[in-house]
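# Any chance you could fold what I've pasted below:
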Amino acid sequence: MANKGLRPTSRVLHAAVRAADAETAVRLSVPLGDEIVVLTRLRMANEKPIAIETAHLRHALCPGILAGHDFASESLYQVLQGQYGVRLVWARQVIAARIPDTSEQKTLGLRARIPVLSLVRVPFDEHDQPIEYVRSCYHGERYQLHTVLRDLGQPAADEEKR
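Have a look, this model is predicted:
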């Protein structure tokens, strides 16, 4: 956002420790009911809503993380690395367009029938352990995803297995 001349800000919508539901338990490879930190933030650019991001973390990796930090202004990843020694190395991510639910539409200030980009990401550490399960919902008119593709003549590892 800063590279585009926009001022990025965040607002914490929800922060709590709760029991892992079935989907979160599978994504984070933890037992059902394990303690999970849930952090939902509204991401903004020049005070306009851009995305809703909900991060799920294994509480055992970052005990007390919600107590001493203001994640409206602090980077979750910097806190994980600096305070807990957790370094994210790689991630799996799925991106899809979809129609937002009523809550997402209201929070992002979307007009009717405007799609969102939905991202589901699971970052892993250097031991290939899942660290976070994050679901993001991006405003379809205010967000663009830019990618760089390399080695286009070579099949990707996932393509080789198909």
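
# hang on, isn't residue 20 packed against residue 33?
Yes: the pair residue 20 / residue 33 is scored as a contact, 6.1 Å apart, by C-beta atoms under 8 Å. Glycine gets a C-beta too; all of them are placed from N, C-alpha and C.

# between the two, which one's more packed in?
residue 20 (22 against 12; other C-beta atoms under 10 Å).

# Ramachandran angles for the more buried one?
As for residue 20, its main-chain torsions (degrees, to the nearest 10) stand at phi -70, psi 130.

# Repeat that for residue 52.
phi -110, psi 130.

# count of neighbours near it?
21.

# What distance do you get for the residue nearest to residue 141 when sequence neighbours are not counted to residue 43?
Nearest non-adjacent residue to residue 141, counting by C-beta to C-beta, 6 or more residues apart in numbering: residue 114, 6.1 Å away. Distance of residue 114 to residue 43, computed by C-beta to C-beta, to the nearest Å: 17 Å.

# neighbour count winner among these two?
For residue 114 versus residue 43, neighbours defined as other C-beta under 10 Å are more numerous around residue 43 (19 against 15).

# Where does the more buried one sit: helix, strand or coil?
Using DSSP: H, G, I helix; E, B strand; the rest coil, the structure places residue 43 in strand.

# My read is that it contacts residue 51, right?
Yes: Residue 43 lies in contact with residue 51 (C-beta under 8 Å); the separation is 4.3 Å.

# Okay, now the unreliable bits of this structure?
1-3, 154-162 (pLDDT under 70).

# can you give me the strands in this protein?
8-19, 35-45, 48-58, 90-98, 116-124, 132-139 (DSSP state E).

# buried ones in the longest one?
Judged by neighbour count using 16 or more other C-beta atoms under 10 Å, the buried positions of strand 8-19 are 9, 10, 15.

# That one vs strand 35-45, what angle?
160 degrees (axes from the mean of the first three to the mean of the last three C-alpha atoms, to 10 degrees).

# Likewise for the last one?
Orientation note: strand 132-139 sits at an angle of 30 degrees relative to strand 35-45 (the same axes, to 10 degrees).

# in its sheet, what does strand 132-139 sit against?
Here strand 132-139 is paired, per DSSP bridges, with strand 48-58 (antiparallel), strand 116-124 (antiparallel).

# just those: most buried one?
Comparing the strands paired with strand 132-139 by mean neighbour count (mean count of other C-beta atoms under 10 Å), strand 48-58 ranks first with a mean of 21.
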